[in-house]
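1. sequence first, predicted model second:
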Amino acid sequence: MAVTEPAPAVPPAARTREEPRAAAEGSAHDGILRRQAQRESAARTYARSLPIVPVRARGLTIEGADGRRYLDCLSGAGTLALGHNHPVVLEAIRKVLDSGAPLHVLDLATPVKDAFVTELFATLPAGLAADARIQFCGPAGTDAVEAALKLVRTATGRRGVVAFSGAYHGMTAGALDASGGATDVRVARLPYPRDYRCPFGVGGERGAELAARWTETVLDDPKSGIPTPAGMILEPVQGEGGVIPAPDAWLRRMRKITEARAIPLIADEIQTGVGRTGTFWAVEHSGVVPDVMVLSKAIGGSLPLAVVVYKSALDAWEPGAHAGTFRGNQLAMAAGAATLAHVRENKLAERAATLGARMLGQLQGLAATHPAIGDVRGRGLMIGVELVDPEATGPDDLTPPPDPELALAVQRHCLDRGLIVELGGRHNAVVRLLPPLTITDEQAAAVLARFADALAAAERAHRPRPSGPSH
């Protein structure tokens, strides 16, 4: 059944049987949400804006305990490259379970691990894969970021790190230091180029050039207060920062700047990797080969897995220098190898580029009739729509201010229409679309139709137009 089709009508004779079941499901849904609110910590996030109880899922579709179905354009924050419960992922997991292989092996070598590493290396940029080492980390991407920072500090003997405004690299201490929301600053922050809301007020190539020049100046000025760092970490597309793609020329400039100064370049591809942006790895858009790549999310095929891949010259670890009990997740490695192979063999990155460009164009067309859409941007199937108050003056007098309240209203109206989206950006005013790479043309059309309807409804409720004089 296509996800855009309504649920089949219940025959009259069967309604008496179906109604008690529906009532029971609704009661279970409400009870589970109530108990979650009572027992889970205040740190819970997605559960606050998405009050659903998933019980079944396949591809783009989630079915809740209340019987409602949703189109999932959050995809585990980009984790589900193939959507929910893809057959090749389930088959890979079953094979491991049925084989009798150990599920927990620390960092020992196994056939499953060997197959995963072989498939991963086959997808890496050639300039890295030819001379790479891999470090398995704790199961979350933030631990891989921690490992990458420790690695470059160990290899260079330096301590400092340079990162970029708007960055998000995880929630552990070192990863937070390198993220844009850091308050106790121990990492130097540099400007990330943006066309919309350019920090220099010019945007485009000129804005990117000024950002690059500032980076060079800071690194070369002996009085800048920033000694030569152990590494530079960046996202090829800032995700949580508001879906902001790095200009290719700027990224190549960062590569030249770091190479000339023997500064390892760390590319955080946790959310952008495995075909998400229209190439297998987002750095491939610019042709840049980083010294270190941080990978997680989609590489585990929906299960927890995180690694750091880096040039062998940096391999200065002592045994156990970055360890973890759950580095050997066999099910995740099997699911990950199957996912990587499926994306590669079926050219899903190329598909993401084509469909993503079409969706961006359609959203830009929608912006022409909705002044509350300030900007539409992204790469591949990593798309952001920034919502603004078109009647107000922004702080820079160049763009209207962001409207997080409208964005929240749009998210709620999307959920009412069976569409799951996430918010991001500096002020949580960017509606983010991260559908699985397996999304069909029909499903993409349904996503955009539901979003357009939700936007119109939110605008009417958020800023109702005054009624005209009566006649």
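-> Thanks, I have the structure now. Numbering: from 1, shown residues only.
2. how near is the nearest residue to Ser224 once chain neighbours are set aside to Leu210?
-> With C-beta to C-beta, 6 or more residues apart in numbering as the measure, Val218 is the residue that lies nearest to Ser224, at 4.7 Å, once sequence neighbours are left out. (Glycine included, C-beta is placed from N, CA and C.) Here the distance between Val218 and Leu210 works out to 13 Å (C-beta to C-beta, to the nearest Å).
3. below-threshold pLDDT in the stretch 251-400 of the chain: ranges please.
-> Segments of the stretch 251-400 of the chain classed as low confidence (criterion: pLDDT under 70) are 394-397.
4. the stretch 151-300 of the chain: strands as residue ranges?
-> Using DSSP state E, counting those that start in this stretch, the strands found in the stretch 151-300 of the chain span residues 161-164, 188-190, 231-234, 237-238, 244-245, 265-268, 292-295.
5. how far does stretch 333-348 sit from the chain's center?
-> Centroid displacement of stretch 333-348 relative to its chain, using C-alpha atoms, centre = their mean, to the nearest Å, is 18 Å.
6. give me the contact list for it.
-> The set of residues external to stretch 333-348 that reach it, using C-beta atoms under 8 Å, 6 or more residues apart in numbering, is 81-82, 86, 88-89, 91-93, 95-96, 112-113, 115-116, 119-120, 122-123, 274-275, 280, 298-303, 305, 349, 437-438.
7. how about 6 Å then?
-> Where contact means C-beta atoms under 6 Å, 6 or more residues apart in numbering, the residues beyond stretch 333-348 that reach it are 81-82, 88-89, 92-93, 96, 112-113, 115-116, 119, 123, 274-275, 299-301, 303, 305, 437.
8. again with stretch 374-393
-> Around stretch 374-393, the neighbours that count as contacts under C-beta under 6 Å, 6+ apart are 196, 237, 242-243, 245, 276-278, 352-353, 356, 363-364, 367, 371-373, 400-403, 406-407, 429-433, 435.
9. what about Glu63, is that helix, strand or coil?
-> Assigned by DSSP: H, G, I helix; E, B strand; the rest coil, the conformation of Glu63 is strand.
10. what pairs with it across the strands?
-> Per DSSP bridges, residues listed as beta-bridge partners of Glu63: Arg56, Arg69.
11. the helices in the stretch 151-300 of the chain, which residues?
-> In the stretch 151-300 of the chain, helices defined by DSSP state H, counting those that start in this stretch lie at 173-177, 204-220, 248-260, listed in chain order.
12. the second one packs against which elements?
-> Meaning helix 204-220. helix 248-260 (3 or more C-beta pairs under 6 Å, 6 or more residues apart in numbering; DSSP states H and E).
13. and Ala313, what does it touch?
-> The neighbours of Ala313, taking C-beta under 6 Å, 6+ apart as the test, come to nothing; the list is empty.
14. who's in contact with the residue minimising distance to the centre of the chain?
-> Geometric centre of the chain, nearest residue: Gln271, 3.7 Å, by C-alpha atoms, centre = their mean. Contact criterion C-beta under 6 Å, 6+ apart gives Gly78, Gly239, Lys297 as the residues in contact with Gln271.
15. make a PyMOL selection of the buried ones in these.
-> PyMOL command restricting the contacts of Gln271 to the buried ones, with burial defined by 16 or more other C-beta atoms under 10 Å:
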select buried, resi 78+239+297
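16. if I pick the closest residue to Glu235 other than its chain neighbours, what's in contact with it?
-> Nearest in space to Glu235, with sequence neighbours left out and distances taken as C-beta to C-beta, 6+ apart, is Asp268 at 4.8 Å. Remark: with contacts taken as C-beta under 6 Å, 6+ apart, Asp268 is in contact with His169, Glu235, Val294.
17. do Ala140 as well
-> Contact criterion C-beta under 6 Å, 6+ apart gives Ala306 as the residues in contact with Ala140.
18. if I look at it, how far off is Ser296?
-> 7 Å.
19. what is in contact with these two at once?
-> Ala306.
20. tell me what the residue nearest to Glu235 is bridged to.
-> Val294.
21. how close does it sit to Tyr46?
-> Asp268 is 21 Å from Tyr46, by C-beta to C-beta.
22. can you give the distance of the helix or strand containing Arg358 from its chain's centre?
-> For Arg358, the enclosing helix or strand under DSSP states H and E is helix 348-367. Here helix 348-367 is found 17 Å from its chain centre; the criterion is C-alpha atoms, centre = their mean.
23. next one: phi and psi at Val112?
-> Reported as degrees, to the nearest 10, the phi and psi values for Val112 are phi -60, psi -40.
24. quick one: contacts for it?
-> With C-beta under 6 Å, 6+ apart, Val112 has these contacts: Gln330, Met333, Ala334.
25. show the buried residues in these.
-> Buried members of these, counted by 16+ other C-beta under 10 Å: Gln330, Met333, Ala334.
26. how near is the first one to Leu108?
-> When you say that, I think you mean Gln330. Computed as C-beta to C-beta, the Gln330 to Leu108 distance reads 10 Å.
27. in ChimeraX, how would I select the buried members of the contacts of stretch 374-393?
-> The following ChimeraX command selects only the buried members of the contacts of stretch 374-393, with burial defined by 16+ other C-beta under 10 Å:
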select :196,237,242,243,245,276,277,278,352,353,356,363,367,372,373,400,401,402,403,406,407,429,430,431,432,433,435
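28. where does the stretch 1-150 of the chain have low pLDDT?
-> Residues of the stretch 1-150 of the chain that meet the criterion pLDDT under 70 lie in 1-26.
29. which residue ranges of it form helices?
-> Taking DSSP H, counting those that start in this stretch to define them, one finds helices in the stretch 1-150 of the chain at 12-39, 46-49, 75-78, 87-99, 111-123, 126-129, 141-156.
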